[in-house]
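> Based on what follows, work out the 3D shape:
(4 chains)
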2 protein chains.
Amino acid sequence: MNIKTIASMAGVSVATVSKIINNYSDIGEETRQRVQKILDETGYKPSSSAKTLATKKSNIIGVVFAGKLNSDLNHPFFVSVINSFKKHIGLLGYDILLFSNEKFSTAKEDYLARCRHFQVDGCIIIAGDDIEASVHNLDQSSIPCIGVDIALSGTNSSYIMSDNMKVSAKVVEHFYLSGYREIGFLGIERSSVVTSMREKAFNESLRNLGITINPDWIIHSKEYDEESGYQAMKQFIARGSLPKAMFAVSDLLAFGAMRALKEHHLTIPGDMALIGCDDIDACSYTDPTLTTVRQDKEKIGRLAAMMLFDLINKQMDPGVIMVEPEIVIRKSCGGAE
Amino acid sequence: MNIKTIASMAGVSVATVSKIINNYSDIGEETRQRVQKILDETGYKPSSSAKTLATKKSNIIGVVFAGKLNSDLNHPFFVSVINSFKKHIGLLGYDILLFSNEKFSTAKEDYLARCRHFQVDGCIIIAGDDIEASVHNLDQSSIPCIGVDIALSGTNSSYIMSDNMKVSAKVVEHFYLSGYREIGFLGIERSSVVTSMREKAFNESLRNLGITINPDWIIHSKEYDEESGYQAMKQFIARGSLPKAMFAVSDLLAFGAMRALKEHHLTIPGDMALIGCDDIDACSYTDPTLTTVRQDKEKIGRLAAMMLFDLINKQMDPGVIMVEPEIVIRKSCGGAE
DNA sequence: ATATTTTACGAAATCGATTTAGTAAAAGTA
DNA sequence: TACTTTTACTAAATCGATTTCGTAAAATAT
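Numbering: from 1, shown residues only, chains lettered A, B, ... in the order given. Down below sits the predicted model:
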């Protein structure tokens, strides 16, 4: 079933059919209706590849998970963002193509080559750490890109992330108002833009409040996952002096920290209050439930979709959006007494 | 940069270039090397749409999340499966296209139409409950499909799922060996093939062991999520008579059940032992950690990829694979004394 | 030396759309 | 009436590949 079939069924040329499909104005009302009827009855849809070939627009958005680790579909935060993005970009008429991660794929070419290969109209780059050079090439290309948790600089690139300065500020503020003065930080060794912003803002916030920063209380886990958080906290406990409160830059790290604390029979928040970051579902399942900073994943995905759409249609210049984070108070951070 | 450019750079015809790219045998060794060098230097990749148009093969696999709810990227189990599938199908040279969910998308056409539109080489259907007619059409079409947690019947369809009979058998066996005789079941009202198999096998397993089934102890939550599990258990507790152990057909339901039990100051496993199903990451984060039945998500994704590949290449007839589940013992189900 | 086969390539058709440029017929204008 | 403009349509080029078929030249056989 192709456009030629439709054309002969309707007794018109393929050009006419194409024009009707694409809403050209130079078509008679009578003809339009007759052909449209056939279009509806047959359920005909033009071939995507033929259309792409002819128009150079594919109506496909490429999804790139950048960074060596944990930026895959394994990361609950990114999955939520992509889920929201998928929903909203779908409303705008696009489907999304997930590029298989290079390290697993037989495809040796870089992201840019693959974007060109599929003629994607734009792409979204979700970033962990250790960004490959390939991502940079894509960013600098003519393909509209929007970055999530990565600061892109290309002339066709925008990016979006939570306002990570505020993330830490809100955490510190909450600790402070709850009476805590001995506050530690659990970051990640292999730090990304996001985590280093949080660390920077954490220090600044303490300083602004006149709280002395104890460098011993700033520790870093090896990786991003729960196990690494556990290991980091375990070693920290072994070293001795502990703060009364800690901010973990991700919920998973906080979960690991909780496990280590419990193992040493330290209570939460009694012996140590804990705040995480992301607000993944599991925060409600732990005991105590985890106070955390919610990143508005739905909003980030939605705005990413809208920004990309505008970028593709040249309705907007590249820009940056920082999404307001919100602290979600649960049980892991009672008021100190 | 297209094939014509390459051809003129090399001083040969486009046909020759194409043949070199596609490993035709009627090419002289000298020419092959000369052109290959240019190919390598320029990093040229043939346009996907042109290639698809000419060959009718797209090297794209469509991903369909079927069912009205919770079969989206929100479901940790399905995300893990897709993640593994993506990895392995990527190794085989395919990228994956996520169809935006119909209810959100402006695309009114059904899945089959969209598969044809993109000329996907095959597709994977991930199923929740309430399968749409559109999925059935796809299953019955000529497009190779593999179903995950859905029994497809098309002549080009295979499917894969955990062996759900064994899931329940193992749970009941574990409860039994731990000394439990009063065992309940927490299912889902809107049951799918998967959950009804688990319920059926649950009953059979009890019967085989000569344990009387108390129909009051078989309850169903409204939906799939934690909150629904909480509500179901809360009402159950309010009704009075409780079993000493319960099997929840999903970890999320078990989490909800845990919350309800704790709220009523009932201990786990002291007052009630709990076993979930799926083994999502969060099972390790709860207190107590959740004993559960692990579905081998990596294997399911990997085999799904391989089955689909074989189906596409007609190297295999449609078939079914039941993946062996494995019980993962944690703290929510101590031995009864 | 001639006939036959093999090798190595290219011309051109094809896939299924879009889009430009051209035209006959209808409508409008002077 | 004759000219101009508008309307409604189509032929054909194009997008960038693949693939069939044809054919000179080279290799081999007779």
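> Compute the number of surrounding residues for A:Gly28.
For A:Gly28, the count of nearby residues is 9 (other C-beta atoms under 10 Å in any protein chain shown). In short, each C-beta sits where N, CA and C put it, glycine included.
> ok, it to chain B distance?
Note on A:Gly28: its distance to chain B, by C-beta to the nearest C-beta, to the nearest Å, is 26 Å.
> Same check on A:Leu266?
Using C-beta to the nearest C-beta, A:Leu266 is found at 14 Å from chain B.
> My understanding was that that residue contacts A:Arg259; is that so?
No: in this structure, A:Leu266 is not within contact of A:Arg259 by C-beta atoms under 8 Å, at 11.1 Å.
> So for the two, which sits in the more crowded spot?
A:Arg259 (21 against 15).
> next structured bit after whichever helix or strand the more buried one is part of?
Using DSSP states H and E, A:Arg259 sits within helix A:251-263. Sequence order places strand A:273-278 as the next helix or strand after helix A:251-263, per DSSP H and E.
> Please state the offset of that next one from the chain centre?
Distance of strand A:273-278 from the chain centroid (C-alpha atoms, centre = their mean, to the nearest Å) equals 19 Å.
> What of stretch A:53-69?
With C-alpha atoms, centre = their mean, you get 16 Å for stretch A:53-69.
> That stretch near chain B anywhere?
Yes: using C-beta under 8 Å from any C-beta of the partner chain, stretch A:53-69 reaches chain B at A:53, A:58, A:60.
> pLDDT averaged over that stretch - what is it?
Averaged across stretch A:53-69, pLDDT comes to 88.
> And it, what's buried?
Judged by neighbour count using 16 or more other C-beta atoms under 10 Å in any protein chain shown, the buried positions of stretch A:53-69 are A:53, A:58-67.
> where does the stretch 201-337 of chain A dip in pLDDT?
Applying pLDDT under 70 to the stretch 201-337 of chain A flags the ranges A:335-337.
> What separation is there between whichever residue of it sits closest to DNA strand C and A:Phe85?
Using C-beta to the nearest atom of the strand, the single residue of the stretch 201-337 of chain A nearest to DNA strand C is A:Asn313, 14.6 Å away. Per C-beta to C-beta, to the nearest Å, A:Asn313 is found 17 Å from A:Phe85.
> cool, A:Val293 as well?
A:Val293 sits 21 Å away from A:Phe85, taking C-beta to C-beta as the criterion.
> Which of the two has more residues huddled nearby?
Set A:Val293 next to A:Phe85 and count neighbours by other C-beta under 10 Å: A:Phe85 wins out with 28 against 25.
> How about the more buried one: what's its closest non-neighbour residue?
Ranked by C-beta to C-beta, 6 or more residues apart in numbering or on different chains and with sequence neighbours excluded, the top spatial neighbour of A:Phe85 is A:Gly301, at 3.9 Å.
> which residues touch the one you found?
A:Gly301 makes contacts with A:80-88, as judged by C-beta atoms under 8 Å, 6 or more residues apart in numbering or on different chains.
> Quick one: distance of the helix or strand encompassing it to the chain centre.
For A:Gly301, the element it lies in under DSSP H and E is helix A:297-312. A distance of 11 Å separates the centroid of the chain from that of helix A:297-312, by C-alpha atoms, centre = their mean.
> what's the angle from it to strand A:273-278?
Counting by axes from the mean of the first three to the mean of the last three C-alpha atoms, to 10 degrees, helix A:297-312 lies at 30 degrees to strand A:273-278.
> Quick check: buried residues in helix A:297-312?
Buried residues in helix A:297-312 (16+ other C-beta under 10 Å): A:297, A:299-312.
> how many other residues sit next to the closest residue to chain B within the stretch 151-300 of chain A?
Closest approach between the stretch 151-300 of chain A and chain B, counting by C-beta to the nearest C-beta: A:Asp287, at 3.6 Å. A:Asp287 has 17 neighbouring residues, counting by other C-beta under 10 Å.
> again with A:Val193
Close neighbours of A:Val193, defined as other C-beta under 10 Å, add up to 17.
> if I pick it, what's in contact with it?
By C-beta under 8 Å, 6+ apart, the contact set of A:Val193 is A:127, A:149-151, A:161.
> cool, and A:Asp278?
By C-beta under 8 Å, 6+ apart, the contact list for A:Asp278 reads A:76-77, A:250-251, A:292-295.
> TSV for the residues you listed, including secondary structure and distance to B:Gly240?
Shown next, in TSV, are the contacts of A:Asp278 (DSSP: H, G, I helix; E, B strand; the rest coil; distance: C-beta to C-beta, whole Å):
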residue	secondary structure	distance to B:Gly240
A:Pro76	helix	38
A:Phe77	helix	42
A:Ser250	coil	43
A:Asp251	helix	37
A:Thr292	strand	37
A:Val293	strand	42
A:Arg294	strand	38
A:Gln295	coil	43
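> Now the two most distant members of those.
Using C-beta to C-beta, these reach their maximum pairwise distance at A:Pro76 and A:Val293, which is 14.6 Å.
> Might you enumerate the residues of chain A proximal to DNA strand D?
Chain A comes close to DNA strand D at residues A:11-16, A:19, A:26-32, A:50, A:53-54, A:56, as judged by C-beta under 7 Å from any atom of the strand.
> Which ones among those residues also lie next to DNA strand C?
Within those, those near DNA strand C by C-beta under 7 Å from any atom of the strand are A:14-15, A:19, A:26, A:50, A:53-54.
> quick one, helices of the stretch 101-250 of chain A?
Taking DSSP state H, counting those that start in this stretch as the test, the helices found in the stretch 101-250 of chain A are A:111-118, A:133-139, A:164-177, A:193-208, A:226-239.
> wait, doesn't A:Asp310 sit right on A:Pro318?
No: using C-beta under 8 Å, A:Asp310 is not in contact with A:Pro318, being 10.0 Å away.
> For chain A, list the residue farthest from the centre, please.
Relative to the mean C-alpha coordinate of chain A, counting by C-alpha atoms, centre = their mean, the farthest residue is A:Gly11 (50.1 Å).
> Next up, the contacts around that one.
Contacts for A:Gly11 (C-beta under 8 Å, 6+ apart) come out as none.
> The one 5 residues further on now?
Remark: with contacts taken as C-beta under 8 Å, 6+ apart, A:Thr16 is in contact with A:7, A:10, A:27, A:31, A:35.
> What of A:Val172?
For A:Val172, the contacting residues are A:183, A:202, A:205-206, A:209, A:247, by C-beta under 8 Å, 6+ apart.
> ok, A:Cys123 touching A:Cys115?
Yes: A:Cys123 lies in contact with A:Cys115 (C-beta under 8 Å); the separation is 5.8 Å.
> Give the closest residue to A:Ser228 in space, chain neighbours not counted.
A:Ser221 is the one closest to A:Ser228 (C-beta to C-beta, 6+ apart), at 4.0 Å.
> wait, A:Leu274
A:Leu274 sits nearest to A:Ser332 (C-beta to C-beta, 6+ apart), 4.4 Å away.
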